[in-house]
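> compute the structure for the input listed below.
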Amino acid sequence: MSYFRLAENGTTVKTEIIAGITTFLSMVYILAVYPSVMGEIGIPAGGAVIAAAVASFIGTVLMGLVAKYPFALAPGVGIVPFFAFSVVMGMGISWQFGMMAVFVEGIIFLVCTLVPVREKIFNAIPLPLKTAIGVGIGFFIVFIGFQGGRIIVDGSCLTTLVSFRNAWHTNGICATLALIGLLVTVVLFHRRVRGAILIGILFTWGLGMICQAAGLYQVNPEAKLYSLYPSLNLGSIGGAFREFGSLFGECLDADKWSQEGSHLTGWKLLLSGNFLIVVFTLLFDDLFNTLGTLTGVATSANMLDKEGRMPRLKEALLADAVATTAGALLGATTTTSYVESATGVSEGGRTGLTACVTAVLFLLSVLFAPVFTAIPAFATAPALIMVGFLMISQIRHINFNDLTEFFPCLVAIIVMPFSYNIADGIGFGFIAWTIVNLLCGHRERVNPILIGASLLFLAKYPFL
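Reported below is the predicted structural model:
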């Protein structure tokens with residue numbers, strides 16, 4: 001394992017394997033979400049699962065072998081519903097044409113990475129703002145965890161605490177199990193037990209299965225509460241592979257491109273205004289979601305150098321670009337870095353071996369997806385909440401005595417979870433940092449790239 005320089009990074013094979021498993025279990029929910037959403041636009045569920053798993057494998061294994069970072073990639077959970085409902089259904093285009101937009105986005109990303117535009121943007125972000133991005137992602141992860149654990153639910157004031165009494169057999173029992181799992185995870189983490197977060201996930205899941213057997217947890221598909229017992233239907237695997245085969249290269253078939261109300265057909269559709277808007281939107285969101293995730297997780301893991309730069313950043317961004325391009329050919333939407341990678345980092349994962357373990361598990365999930373997708377959101381909620389807390393602790397490195405530093409950082413931190421979008425948090429942070437520091441006379445803190453990025457965000461929001 002000298003290739004990954006485990007000793008130099010203060011880790012071991014055992015630690016990296018546990019970290020890789022933890023990361024996978026924290027983000028495997030995408031294999032359940034992806035086919036469900038893609039089915040709404042005509043992509044067969046079995047093929048969609050395999051497409052998502054293979055795209056995740058490609059991106060994650062490249063991240064591990066080439067960039068040597070413990071980060072995992074998969075079709076972006078925020079981009080998936082945007083692609084299905086806003087792009088395909090909203091614009092009245094075929095999913096094949098939508099995937100072509102993803103493919104073009106990936107090609108542009110490859111070019112921007114090789115130039116390298118994306119790397120320059122990353123290095124242009126001031127160190128305090130990088131810290132704020134990590135803290136904001138921490139709050140975002142905690143919010144996701146509380147929602148996944150059904151501790152926080154929809155309410156008259158947007159969100160509210162779950163009613164344990166009135167929804168005991170549905171949201172109430174899930175929230176209770178999530179809180180018990182969080183308590184166990186905190187205690188194990190405090191006692192420095194190896195694999196504390198992974199143990200917390202498995203413990204919560206196991207406790208849930210016991211509650212299902214006792215009748216406390218009741219299966220209710222309408223409430224999105226499914227059986228917690230894993231199953232394996234070998235007969236469906238062959239059909240899923242046939243569906244996957246039918247998806248390969250569909251985005252390049254111009255005969256299957258269509259757009260309601262457009263007089264353009266075939267390759268001429270690439271010149272339509274809607275196509276360019278879709279490509280730009282996917283490009284913009286993926287760019288800053290990826291940069292935000294890499295910045296936040298790398299900062300919390302102390303992977304940045306003294307100047308706040310990330311070694312081998314170009315290779316990490318290249319893995320993202322290649323995965324997006326290849327994923328479009330397979331039938332997968334934009335593949336991006338996942339904030340859930342922080343769970344593996346918190347378990348001690350420091351090298352590409354962690355990512356490779358996660359990648360292998362994604363590949364195996366092609367055969368055992370029913371087992372992995374049986375893990376409920378309330379079981380991974382304790383892991384996400386715990387990791388979010390650890391990332392939030394980085395806020396101590398922000399200078400609270402300097403309002404020109406603290407205010408823009410606070411803007412980024414607050415907007416990220418409240419807008420439910422990492423890119424929006426970064427955008428508001430960029431704009432606030434640029435305007436505040438220019439008006440307050442700190443021009444040395446603002447560079448041309450930061451100004452340009454701020455202007456791009458300012459140009460984007462009026463069209464939302």
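> show me where the stretch 251-400 of the chain has its helices.
Taking DSSP state H, counting those that start in this stretch as the test, the helices found in the stretch 251-400 of the chain are 273-300, 313-330, 341-346, 352-372, 377-392.
> which of those helices sits most buried?
Burial among those, expressed as mean neighbours by mean count of other Cβ atoms under 10 Å, is greatest for helix 341-346, which shows a mean of 30. Yep, even glycine has a C-beta here, placed from its N, CA and C like the rest.
> show me what contacts the closest residue to residue 146 other than its chain neighbours?
Nearest residue to residue 146, sequence neighbours excluded (Cβ to Cβ, 6 or more residues apart in numbering): residue 152, at 4.2 Å. By Cβ atoms under 8 Å, 6 or more residues apart in numbering, the contact list for residue 152 reads 143, 146, 159, 160, 161, 162.
> narrow those residues to those in strands?
If you go by DSSP state E, those have 159, 160, 161 in strands.
> to what extent is the first one buried, counted in neighbours?
If you count neighbours by other Cβ atoms under 10 Å, residue 159 ends up with 12.
> which residues sit in contact with it?
Applying Cβ under 8 Å, 6+ apart, the residues near residue 159 are 152, 153.
> state the pLDDT value of it.
The score at residue 159 is 88. That number is its pLDDT.
> just grab the bridge partners of it for me.
When assigned by DSSP bridges, residue 159 has beta-bridge partners residue 154.
> wait, doesn't residue 332 sit right on residue 59?
No: in terms of Cβ atoms under 8 Å, residue 332 does not count as a neighbour of residue 59; the distance is 9.6 Å.
> in which helix or strand would I find the closest residue to residue 291 other than its chain neighbours?
In space, and not counting its chain neighbours, residue 291 is closest to residue 122: 5.5 Å by Cβ to Cβ, 6+ apart. Per DSSP states H and E: residue 122 is located in helix 117-124.
> low-scoring pLDDT stretches of this protein, where are they?
Scanning the chain for pLDDT under 70 picks out the ranges 1, 231-236, 262, 264, 369-370, 372-373, 463-464.
> ok, now how distant is the most centrally placed residue in it from residue 73?
Nearest to the geometric centre of the chain sits residue 338, at 3.0 Å (Cα atoms, centre = their mean). Using Cβ to Cβ, to the nearest Å, one gets 7 Å for the distance from residue 338 to residue 73.
> now do residue 290
In terms of Cβ to Cβ, residue 290 sits 9 Å off from residue 73.
> ok, residue 246 next?
Residue 246 is 24 Å from residue 73, where distance means Cβ to Cβ.
> how about residue 219?
Residue 219 is 32 Å from residue 73, by Cβ to Cβ.
> pick out whichever of the two has more residues nearby.
residue 73 (33 against 12).
> leaving out sequence neighbours, find the closest residue to the more buried one.
Spatial nearest neighbour of residue 73, excluding adjacent residues (Cβ to Cβ, 6+ apart): residue 59 at 3.3 Å.
> residues touching the one you found, list them.
With Cβ under 8 Å, 6+ apart, residue 59 has these contacts: 72, 73, 74, 319, 320, 322, 323, 324, 327, 335.
> what about the third one, how many neighbours?
Neighbouring residues of residue 74 were enumerated by other Cβ under 10 Å; the total is 30.
> I figured it hits residue 57, correct?
No: applying Cβ under 8 Å, one finds residue 74 not in contact with residue 57, separated by 9.4 Å.
> now for these two: what residues contact both?
By Cβ under 8 Å, 6+ apart, residue 74 and residue 57 have these common neighbours: residue 362.
> so how far is residue 305 from residue 182?
Taken as Cβ to Cβ, the span from residue 182 to residue 305 is 34 Å.
> compare those two (neighbour count), which wins?
residue 182 (23 against 8).
> which stretch of helix or strand covers the more buried one?
Going by DSSP H and E, residue 182 is part of helix 173-190.
> next SSE after that helix?
helix 196-214.
> tell me what angle that following helix forms with helix 173-190.
With axes from the mean of the first three to the mean of the last three Cα atoms, to 10 degrees as the basis, helix 196-214 and helix 173-190 are set at 150 degrees to each other.
> how far does helix 196-214 sit from its chain's centre?
Relative to its chain's centre, helix 196-214 lies at 24 Å (Cα atoms, centre = their mean, to the nearest Å).
> before we move on, what about stretch 281-294?
The answer for stretch 281-294 is 10 Å, by Cα atoms, centre = their mean.
> with stretch 329-346 instead?
Mean C-alpha position of stretch 329-346 versus that of the full chain (Cα atoms, centre = their mean) differs by 5 Å.
> now do stretch 179-196
24 Å.
> please name the residues that touch the residue lying closest to residue 255 once chain neighbours are set aside.
Counting by Cβ to Cβ, 6+ apart, the nearest residue to residue 255 once its immediate chain neighbours are dropped is residue 266, at 7.1 Å. Residue 266 makes contacts with 254, 255, 257, as judged by Cβ under 8 Å, 6+ apart.
> closest to residue 134 out of those?
Comparing these against residue 134 with Cβ to Cβ places residue 257 closest, at 40.5 Å.
> tell me the contacts of that closest one?
Applying Cβ under 8 Å, 6+ apart, the residues near residue 257 are 93, 94, 96, 97, 100, 265, 266, 269.
> of these, just the buried ones, PyMOL syntax please.
Command for PyMOL that selects the buried part of the contacts of residue 257, burial taken from 16 or more other Cβ atoms under 10 Å:
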select buried, resi 93+94+96+97+100+269
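> closest to residue 6 among the contacts of residue 257?
Out of these, the member with the shortest distance to residue 6 (by Cβ to Cβ) is residue 100, at 41.6 Å.
> filter the contacts of residue 152 down to the buried ones.
Burial by neighbour count, 16+ other Cβ under 10 Å: within the contacts of residue 152 this picks out 143, 146, 162.
> redo these as CSV? Include distance to residue 366.
Formatted as CSV, these follow (distance: Cβ to Cβ, whole Å):
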residue, distance to residue 366
143, 31
146, 31
162, 35
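> just give me the closest of the contacts of residue 266 to residue 279.
residue 257 (13.9 Å).
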